[in-house]
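Undergrad: Curious how this folds, go ahead:
(chains A, B, C and D)
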Amino acid sequence: MSILIDEETRVVVQGITGRDGSFHTKSMKDYGTKVVAGVTPFKGGEYVFDIPIFNSVEEAVKSVQADTSIIFVPAKFAVDAMFEAINAGIKLVVTITEGVPVQDMIKVNEFANLKGTKIIGPNCPGIISVGKAKVGIMPHSIFKKGVVGVISRSGTLTYEIVKHISDSGLGVSTAVGIGGDPIIGMKFIDVLKGFEKDEETKAVVLVGEIGGSDEEDAADYIEKHFNKPVVSFIAGRASPPGKRMGHAGAIVQAGTRTADEKIAYLESKGIKVANIPNEIVKLLKDVM
Amino acid sequence: MSILIDEETRVVVQGITGRDGSFHTKSMKDYGTKVVAGVTPFKGGEYVFDIPIFNSVEEAVKSVQADTSIIFVPAKFAVDAMFEAINAGIKLVVTITEGVPVQDMIKVNEFANLKGTKIIGPNCPGIISVGKAKVGIMPHSIFKKGVVGVISRSGTLTYEIVKHISDSGLGVSTAVGIGGDPIIGMKFIDVLKGFEKDEETKAVVLVGEIGGSDEEDAADYIEKHFNKPVVSFIAGRASPPGKRMGHAGAIVQAGTRTADEKIAYLESKGIKVANIPNEIVKLLKDVM
Amino acid sequence: MNLQEYQSRELFKKFGIPVVDGSVASSVEEALKIAETLGYSVVVKAQVLTGGRGKSGGVKIANNEEELKEKVSKILSMEIKGLKVNKVLIAKAVQIKKEFYVGFTVDRSSKRNVLIVSSEGGVEIEEVAKNDPEKILKVSLDPLLGMFSYQAKNASMFLTPNKDVISKISTILEQLFRLYISIDANLVEINPLALLSDGSVVALDAKIVVDDNALFRHPEIETMRELTEEEKLEIEAKSKGFTYIKLNGSIGCLVNGAGLAMATMDLVKLLGGSPANFLDIGGSSNPEKVASAIEMILRDKNVKAILINIFGGITRCDDVANGLLEAIKKVKVEIPIVVRLTGTNEDIAKKILENTPLIYVDSMVDGVSKVVELVNRG
Amino acid sequence: MNLQEYQSRELFKKFGIPVVDGSVASSVEEALKIAETLGYSVVVKAQVLTGGRGKSGGVKIANNEEELKEKVSKILSMEIKGLKVNKVLIAKAVQIKKEFYVGFTVDRSSKRNVLIVSSEGGVEIEEVAKNDPEKILKVSLDPLLGMFSYQAKNASMFLTPNKDVISKISTILEQLFRLYISIDANLVEINPLALLSDGSVVALDAKIVVDDNALFRHPEIETMRELTEEEKLEIEAKSKGFTYIKLNGSIGCLVNGAGLAMATMDLVKLLGGSPANFLDIGGSSNPEKVASAIEMILRDKNVKAILINIFGGITRCDDVANGLLEAIKKVKVEIPIVVRLTGTNEDIAKKILENTPLIYVDSMVDGVSKVVELVNRG
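TA: Numbering: from 1, shown residues only, chains lettered A, B, ... in the order given. Model prediction:
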């Protein structure tokens, strides 16, 4: 078992012929992911890495039963790509693209909800179910198979933390990069619900940062409903308020907590928070 | 049993202080309908016929558990009134108002669908569940309790037909005026599904007219899925094509059937169609 | 409300949809001026709200001034399907490589807007639907979110394999949908949408039907109305609170409710008469409104008798009867009027009308029989 | 992107939201001209993108020319929270009867837009939320259909019992929401929205934040940008493909990924140093981009050492190392640079950097420790 994706997941890559799209398609395929289709308008009928290209997601679903999509198209077209995937009946859409307007994501999320599609991202590294499948852009060599579930708002910071977890021997079950934007698809809580049921996952690391209150919402949820140990790292303690720190969603605004306040909140709910990324391993060993 | 409404239905009247609203509120109340609330902005706290008025539907739902709404507000505001009712959790909305724009109804219908609200109308006389409740504007004295379910796109034509059914002794179980607009909430088929399960209803009269193909869709449905006898009357045989005959939806357009063609289609599916309104009684007796 | 082609063209331009250069003219002089700026050859198109203008001789090519004079004066003196031609569109003639059909309309069954495209342009879409259904693509649009760009792109790919043309049609579809929604249309149609020999894609015709119920929020569209004589009557009736549509028979009908009004006309026809009009007097029937309605029916000199069919419902019949008496005092009526009244206090109503010229009947069938008999007896 | 008050006012006007008469001035002369047409008294408001302008002395009333000259010249020479005042808004002074707060913003938790109104206007809404939460109404808006009219009406009824004022506020809310959506805002706020003694309701302040990610479809908003010195750096960085935010410390940071960049800064601070900047070099790190980034870090004269923290991921570390070497050839660097590189071919990278001035470390903690030590040692 694993969450969101596994060996059976049938992936369609939207924007497969672009620079990033083709590069990561190869990497996903090398990892063993079943990439069954690509979509690029006007290129229907062609092939990349022996993967058939279609003009539309609908055709990809009909012809090769794609059920999961990963989106690499530029920000201007990413929203339309998500709507297309949802309407075509795709069950899980992972949007790597950065720079998607917030108002568009408000609509996409509601529409996806109504149609029963799960959205990961945008502006995220995707998902890796270690040893089974990768629908994302993470360097998979650092992911050693293990028992720790990871949920994160960022990319490289997650790799940094995952490397320590892998090196420690604990290893990772599934890692989900939910994205650094203010409005994203699945949030910490949504992914936690998956880890709760996932027998492979014995503990969870929650990698958060400044901006919004998703970490606090997750902490409330964990206190009441989540039965596996959780530890955390929160980035942004040295970031000045009122400034967006790279991620569109990473900003301390009036009415939201600073990193220190977030950390205090999490700890008040019994979640240990690491001061330094590599401390995560020690905290994990303490609670497991 | 009856369909859509009964003695337990708790009605809120949107636009209760208007001329039509207050007149028909009295009539519904006289009939025994549980009219539990009215809504007119700025008049919250007042009373009409001992019925409390609220500023919003939400308050009416919270304070007196209204579950069904009837809308009398002018066309410009009727759409907002429907959205308000749907968002407040009203389960059945009956819109009497005529003149609601089509594009608005396309949105209202989808929204109602998503939220699980049923819509009747607009531009309709409403519903009467004979002897139990009236959520509409029909002259209830002509409705004698009986076994015939009536579904109709028009008002007075229905009364004409109902009078014959009442006089014949067959009587009416529930009559539903679904409205004369091109885009309406519940259609023939949706109401038929209710009559199928209603033990009080032994036969159904379908009063249709030119415009669209709802009657044909209903005939297809009846042939395959409906197990009670159905007879029909179709208005508009003398109406020239291309002209809207009063109802916004009553128009023979390129690609839709004339009244004669509709009648032929219904009869091909085994549904007898009366030539004259009072023939309905004979046809009913033939099939029952 | 239907817009004239030249009006629809203006809306197209406003929304960035390419049309051929041209302008509307009401006289030969105006037409000559327009053609001068355009250069010959030009197309002369009768501006009337009906299909089949070409077949009726309402569309002609003029290659020079002489031809233009002749053709414009001829078309401006025509009637097409009973409609007088008051205006012609003068447009630059173009070299057509391929014709498509594109349009948006309301699909009543699915309760959604639909995009319809066809690779068979320039002919009626219903014909194509009947004969070559595989040449039509119907795309159902989301009720809340409208058309997605990928839908416009996929529909365009259905029409042609040419990437450049696809991108042009795609853009036109997005603009046309924006227009469709922003004016509350029930139909917008480009037939044909033409690929020209220079590679451009332009709308060679333009059809728009706007939702009458939504005109209150589009006053700018309301002002475009060009009324025929019949439509003037319809508008006058609306302003007085009832609905009137002129037909060609001899029996004037005054009914409450659109369904019952249609059914009354049907019965008139069934029993051998012919209805002179559709008239729905609406909910309340005060004497003044009834008088206006009777007056309008009487303007039609073909009318030989009037049938009044009121299912009073909640209204009291004695009130209606009194209203009728008052009404016929205001309007001098020299033809028979048959009255059927059902509702509360029918009996009193019957008595009120007893010693009047109004002929009282008890049922709809009786009323129709009576009025047909009166007219056929002559 | 934050708009200045005077810019937001222009958008308000365009969408029919009433504002007090007034105009923006960059000099005393301009201010005098504006005040002349308005008539005294006028309010002088510093145009800087920060809250608390009033408390900082950036908002003053002038009752005559003398006072205006004095106050404008004073405010134009001010700095408020480190921001230079270049422009002042001169607006007609008004008689306020009551102040409200109204605004639309994105609620991240519910993933919806929300309407927020408060009967407590003129103070920060977060203060009201803390002290008088019952004076705030938050209305969640439908993600697909937006705000319904009844929601605007109900929110207005929350603010006041006066029917006339309710209807005015309702209209303003509908217009403000239309503005909010049509410019892809993340926040629009009127604080205070004032009921004046003449019964009118006007926006006395205007705050708008537009979604940077949506600016590609609002070029007209993009042109309104008035950059501070710091923002100019940020924009320059963006144009070169990386994200830079200046801070006040002495350790320059160059990191790939926003989360790791923040975490690096955090660690610098934790271990006793202070970061001079946030810098996310992004996905690909070609030598040119790395050189520009180092060059930008070095423009800050407070910087005493640089820490490069790259978690290469799929990128090959030897490539990055070679890039770094090339980069420091282009930019002359006289301060220590500590480099941490993780990813494929780390070992080769280590060798490449062995005999260079770059100090190679094996981990993020080592790197931060090293750079803090170097700086603190002086």
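Undergrad: element containing the residue in chain C that chain D sits nearest to, please.
TA: Here the residue of chain C nearest chain D is C:Leu144; by CB to the nearest CB that distance is 4.4 Å. Yep, even glycine has a C-beta here, placed from its N, CA and C like the rest. Assigned by DSSP states H and E, C:Leu144 belongs to neither a helix nor a strand.
Undergrad: Could you tell me the per-residue confidence at it?
TA: Per-residue confidence (pLDDT) for C:Leu144: 97.
Undergrad: Which stretches in the chain count as helices?
TA: No chain was given, so I picked chain A. With helices called from DSSP state H, chain A shows them at A:19-31, A:57-64, A:75-87, A:102-115, A:156-168, A:188-197, A:214-225, A:259-268, A:279-287.
Undergrad: that's the wrong chain, I meant chain C
TA: With helices called from DSSP H, chain C shows them at C:5-14, C:28-38, C:65-76, C:125-131, C:149-159, C:163-182, C:219-222, C:229-240, C:258-270, C:287-299, C:317-330, C:346-352, C:364-377.
Undergrad: Tell me how many other residues crowd residue 10.
TA: No chain specified, so I'll use chain A. Applying other CB atoms under 10 Å in any protein chain shown, we find 21 residues neighbouring A:Arg10.
Undergrad: hmm, I had chain C in mind actually
TA: Other residues lying near C:Glu10 total 14 when counted by other CB under 10 Å.
Undergrad: Centroid-wise, who is the farthest residue in chain A?
TA: A:Gly45 (30.6 Å; CA atoms, centre = their mean).
Undergrad: how much space between it and C:Tyr150?
TA: 18 Å (CB to CB, to the nearest Å).
Undergrad: on that earlier part again, check contacts around the residue farthest from the centre of chain A.
TA: Residues in contact with A:Gly45 (CB atoms under 8 Å, 6 or more residues apart in numbering or on different chains) are A:Pro52, A:Ile53.
Undergrad: What about C:Gly241? Give its phi and psi, please.
TA: Here is the backbone geometry of C:Gly241 (degrees, to the nearest 10): phi 100, psi 10.
Undergrad: Get me the contact residues on the stretch 1-150 of chain A for chain D.
TA: A:27, A:75-76, A:99-107, A:109-111, A:137-139, A:141-142 (CB under 8 Å from any CB of the partner chain).
Undergrad: could the helices of chain C be laid out in a markdown table, adding mean pLDDT?
TA: What follows is those, written out as a markdown table (pLDDT from 0 to 100):
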| stretch | mean pLDDT |
| --- | --- |
| helix C:5-14 | 97 |
| helix C:28-38 | 97 |
| helix C:65-76 | 96 |
| helix C:125-131 | 90 |
| helix C:149-159 | 97 |
| helix C:163-182 | 98 |
| helix C:219-222 | 95 |
| helix C:229-240 | 91 |
| helix C:258-270 | 97 |
| helix C:287-299 | 90 |
| helix C:317-330 | 84 |
| helix C:346-352 | 88 |
| helix C:364-377 | 95 |
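Undergrad: Now render those helices as JSON lines, adding distance to C:Leu196.
TA: Shown next, in JSON lines, are the helices of chain C (distance: least, CB to CB, whole Å):
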{"stretch": "helix C:5-14", "distance to C:Leu196": "16"}
{"stretch": "helix C:28-38", "distance to C:Leu196": "15"}
{"stretch": "helix C:65-76", "distance to C:Leu196": "22"}
{"stretch": "helix C:125-131", "distance to C:Leu196": "21"}
{"stretch": "helix C:149-159", "distance to C:Leu196": "15"}
{"stretch": "helix C:163-182", "distance to C:Leu196": "11"}
{"stretch": "helix C:219-222", "distance to C:Leu196": "30"}
{"stretch": "helix C:229-240", "distance to C:Leu196": "36"}
{"stretch": "helix C:258-270", "distance to C:Leu196": "46"}
{"stretch": "helix C:287-299", "distance to C:Leu196": "49"}
{"stretch": "helix C:317-330", "distance to C:Leu196": "61"}
{"stretch": "helix C:346-352", "distance to C:Leu196": "68"}
{"stretch": "helix C:364-377", "distance to C:Leu196": "57"}
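Undergrad: so which of those gets nearest D:Ile306?
TA: helix C:149-159 (44.6 Å; CB to CB).
Undergrad: Pull the residues that contact that closest one.
TA: Counting by CB under 8 Å, 6+ apart, A:41-42, A:55-56, A:58, A:77, A:80-81, A:83-84, C:100, C:102, C:115, C:117-119, C:137, C:139, C:141, C:165-167, C:169-170, C:173-174, C:177 sit against helix C:149-159.
Undergrad: The same query, at a cut-off of 6 Å, please.
TA: Contact with helix C:149-159 is made by A:41, A:56, A:80, A:84, C:100, C:115, C:117, C:119, C:137, C:139, C:166, C:169-170, C:173-174, as judged by CB atoms under 6 Å, 6 or more residues apart in numbering or on different chains.
Undergrad: Compute the inter-axis angle for it and helix C:163-182.
TA: 130 degrees (axes from the mean of the first three to the mean of the last three CA atoms, to 10 degrees).
Undergrad: Compute the inter-axis angle for helix C:149-159 and helix A:57-64.
TA: Relative orientation of helix C:149-159 and helix A:57-64, computed by the same axes, to 10 degrees: 70 degrees.
Undergrad: now the residue nearest to A:Ile183 when sequence neighbours are not counted: how far from chain C?
TA: Leaving out its chain neighbours, the residue that sits closest to A:Ile183 by CB to CB, 6 or more residues apart in numbering or on different chains is A:Met105, at 4.1 Å. Going from A:Met105 to chain C by CB to the nearest CB, to the nearest Å gives 14 Å.
Undergrad: Tell me, how many residues neighbour C:Glu334?
TA: If you count neighbours by other CB under 10 Å, C:Glu334 ends up with 6.
Undergrad: contacting residues for it?
TA: Counting by CB under 6 Å, 6+ apart, C:Glu334 touches no other residue.
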